[in-house]
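Peer 1: task: produce atomic coordinates for the following.
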Amino acid sequence: MAAADMQWDDLRIFLAVARSESLSGAGKALRVDPATVGRRIARLEEQLGTPLFAKSPQGYAMTDAGQRLLAHAERAEQAMAGALEEVRGQPGTLSGQIRIGAPDGCANYLLPQVCTRIMADNPDLEVQIVALPRVVNLSKREADMAIGVSPPATGRLLVQKITDYKLHLAAARSYLALHPPIGGLNDLRGHRMIGYIPDMIFDKELDYLNEIGVERVAMASNSVSVQFNWVRQGGGIGVVHDFAIPSGAGIVRVLPDKISLTRSFYLIRHADDRRLERLNRFAAALAEGLRAEVARLEAQTTA
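Peer 2: Residues are numbered from 1 along each chain as shown. The predicted model follows:
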């Protein structure tokens, strides 16, 4: 089959299988029966005269021919997205669906209010927030853009630093009232510490307690929200984002003059999306909104 004879729908199905590495995953993403996906891939391979995937117990892995086709398929996807954007776009407003991947601290305590404000000015916009305790895979199009706590070292990606943010040890007043006073780092040894499950820390920037010198975690979770709720319920002492503290009544910082951590948020996008004005405009609004919201909430925390 000549390249000119290849249909966009064929490439769309190929991309879905390449990204999900399974017929069922591709079918779910496309809302098509997996058997239909399999038939379409088989037909495409027959027309091209070469296998595009090698099936194994782990799923569908691309062959060398599939890898070569991938770059062309992604360019076609971007061209189609750009064409639809021009046809459907309304000057001055954003529309359509945009999916953001983010660590759950950002996803729970910042993105809901920031995205709500953006959507108030863009009523035709649909936003999905994917909160994952791991790095979002943009190459597999798990999201249109992602918030990260460190810049990626590899991949064809656009990376923009959004803002710094602060974290401190914190506890509920109810916990502190029932336990020995804390005057210095050595006093933490007599308290229950809350943090990440050590072998599930997906980014070195999240290894807060190790940086502080805490060796034992009594209450652990891979979710920031679970850790925060443990702190809020008086379970112990944990490292908490300053921007989250205002949402937890009765939570106060512990040893703020001795322990203060600074981290950063980065906006990460696929390099090919730089030509999509709709995503460019949303990314700019998102970054501006996050900077303002972090500053607002941190000011409340230190007031």
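Peer 1: does residue 125 touch residue 100 like I think?
Peer 2: No - counting by Cβ atoms under 8 Å, residue 125 sits too far from residue 100 to count as a contact (11.9 Å). C-beta here means a position set from N, CA and C on the backbone, and glycine is covered the same way.
Peer 1: after the worst-scoring helix or strand of the chain on mean pLDDT comes which helix or strand?
Peer 2: Here the helix or strand of the chain ranked lowest by mean pLDDT, DSSP states H and E is helix 64-88, holding a mean of 74. Sequence-wise, the next helix or strand downstream of helix 64-88 (DSSP states H and E) is strand 96-102.
Peer 1: that following strand packs against which elements?
Peer 2: Using 3 or more Cβ pairs under 8 Å, 6 or more residues apart in numbering; DSSP states H and E, the elements in contact with strand 96-102 are helix 111-120, strand 125-131, strand 145-148, helix 277-302.
Peer 1: dump the ones you listed to CSV, plus mean neighbour count.
Peer 2: As requested, the helices and strands packed on strand 96-102 are exported to CSV (neighbours: other Cβ atoms under 10 Å):
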stretch, mean neighbour count
helix 111-120, 16
strand 125-131, 16
strand 145-148, 23
helix 277-302, 17
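Peer 1: which one, of those, ends up nearest to residue 259?
Peer 2: Closest to residue 259 of those is helix 277-302 (Cβ to Cβ; 14.6 Å).
Peer 1: tell me what angle the closest one forms with strand 125-131.
Peer 2: On the basis of axes from the mean of the first three to the mean of the last three Cα atoms, to 10 degrees, helix 277-302 is oriented at 60 degrees to strand 125-131.
Peer 1: any idea how far helix 277-302 is from the chain center?
Peer 2: 15 Å (Cα atoms, centre = their mean, to the nearest Å).
Peer 1: residue boundaries of the strands in the stretch 151-300 of the chain?
Peer 2: Ranges of strands within the stretch 151-300 of the chain are 157-172, 193-195, 219-220, 237-241, 251-254, 261-270, based on DSSP state E, counting those that start in this stretch.
Peer 1: can you pull out the residues in contact with the shortest one?
Peer 2: Outside strand 219-220, the residues within contact range by Cβ atoms under 8 Å, 6 or more residues apart in numbering are 192-198, 227, 230, 235-236, 238.
Peer 1: strand partners (parallel or antiparallel) of it?
Peer 2: strand 193-195 (parallel) (DSSP bridges).
Peer 1: now render the helices and strands packed on strand 96-102 as JSON lines, adding mean pLDDT and distance to residue 19.
Peer 2: What follows is the helices and strands packed on strand 96-102, written out as JSON lines (pLDDT from 0 to 100; distance: least, Cβ to Cβ, whole Å):
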{"stretch": "helix 111-120", "mean pLDDT": "96", "distance to residue 19": "23"}
{"stretch": "strand 125-131", "mean pLDDT": "93", "distance to residue 19": "14"}
{"stretch": "strand 145-148", "mean pLDDT": "94", "distance to residue 19": "15"}
{"stretch": "helix 277-302", "mean pLDDT": "94", "distance to residue 19": "18"}
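Peer 1: let's have these in JSON lines, adding distance to residue 26.
Peer 2: Shown next, in JSON lines, are the helices and strands packed on strand 96-102 (distance: least, Cβ to Cβ, whole Å):
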{"stretch": "helix 111-120", "distance to residue 26": "28"}
{"stretch": "strand 125-131", "distance to residue 26": "18"}
{"stretch": "strand 145-148", "distance to residue 26": "21"}
{"stretch": "helix 277-302", "distance to residue 26": "23"}
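Peer 1: residue 217: which of those is closest?
Peer 2: Per Cβ to Cβ, nearest to residue 217 of those: strand 125-131, 21.7 Å.
Peer 1: mind giving me the packing neighbours of that closest one?
Peer 2: strand 96-102, helix 104-109, helix 111-120.
Peer 1: roughly how far is the first one from the heart of the chain?
Peer 2: A distance of 9 Å separates the centroid of the chain from that of strand 96-102, by Cα atoms, centre = their mean.
Peer 1: quick check: end-to-end length of stretch 103-112?
Peer 2: Using Cα to Cα, to the nearest Å, the end-to-end distance of stretch 103-112 comes out at 13 Å.
Peer 1: what's the spacing between stretch 233-252 and its chain's center?
Peer 2: For stretch 233-252, the distance to the chain centre is 22 Å (Cα atoms, centre = their mean).
Peer 1: sorry, that was for stretch 140-151
Peer 2: The answer for stretch 140-151 is 5 Å, by Cα atoms, centre = their mean.
Peer 1: how long is that stretch from one end to the other?
Peer 2: Using Cα to Cα, the two ends of stretch 140-151 sit 18 Å apart.
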